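Asks: model the structure of this input:
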Amino acid sequence: MAPVHQSTVNVVVRNYAMVPVRRLGLDDVARRSGLHPDLVRRFVTLGLVDATRDADGRLWFGPTAPATLARIQRLRAGLPLNYASIGLVLDLLDRISELEAALRRSNAGSRSDESWI
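Replies: Here you go, the predicted model:
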């Protein structure tokens, strides 16, 4: 029997995002949400909206930031809450949404024909 030679194969695997991640700058987020950039900065400082800083110190936001800012403004206008309390309300609303989604997923496979309810 002849000796078997194994060769090493180097494989390079690259992962590409299917959809490019879009970032929004401070001015764009402020314009889209109808807020002054200083107020948006304040919300970032308070932890009400997520942002990252680049090497130059500029703020960058995810594509959902304007919707989050609109939600903050609706809560502030509709309820007599300070911004710290709004942070708690936002966390609770997000948790409720997660629980409702989990409940829908768990009920999706176990329902008979109850779509009329």
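Asks: what packs against the longest helix along the chain?
Replies: Looking across the chain with DSSP state H, the single longest helix is helix 83-108. Applying 3 or more CB pairs under 8 Å, 6 or more residues apart in numbering; DSSP states H and E, we find helix 83-108 packed against helix 37-46, helix 65-78. (C-beta placed from N, C-alpha, C; glycine too.)
Asks: would you list these in a markdown table and tack on distance to residue 106, mean pLDDT and mean neighbour count?
Replies: Shown next, in a markdown table, are those (distance: least, CB to CB, whole Å; pLDDT from 0 to 100; neighbours: other CB atoms under 10 Å):
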| stretch | distance to residue 106 | mean pLDDT | mean neighbour count |
| --- | --- | --- | --- |
| helix 37-46 | 35 | 96 | 16 |
| helix 65-78 | 27 | 94 | 16 |
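Asks: let me know whether residue 49 touches residue 65 as I believe.
Replies: Yes. At 5.6 Å, residue 49 and residue 65 qualify as touching, with contact defined as CB atoms under 8 Å.
Asks: wait, which of the helices and strands packed on helix 83-108 is closest to residue 101?
Replies: Across the helices and strands packed on helix 83-108, residue 101 has its closest neighbour in helix 65-78 (17.2 Å, CB to CB).
Asks: distance from that closest one to the middle of the chain?
Replies: 15 Å (CA atoms, centre = their mean, to the nearest Å).
Asks: which neighbouring elements make contact with that helix?
Replies: helix 26-33, helix 37-46, helix 83-108.
Asks: tilt between that helix and helix 83-108?
Replies: Interaxial angle, helix 65-78 versus helix 83-108 (axes from the mean of the first three to the mean of the last three CA atoms, to 10 degrees): 110 degrees.
Asks: what's helix 65-78 in contact with?
Replies: For helix 65-78, the surrounding residues in contact (CB atoms under 8 Å, 6 or more residues apart in numbering) are 24, 29, 32-33, 35, 40, 43, 48-51, 81, 83, 86, 89-90.
Asks: could you identify the most distant pair in those?
Replies: Longest span within these, CB to CB: 24 and 81, 26.0 Å.
Asks: between those two, which has more neighbouring residues?
Replies: Taking other CB atoms under 10 Å, residue 24 and residue 81 do not tie; residue 24 has more neighbours (19 against 13).
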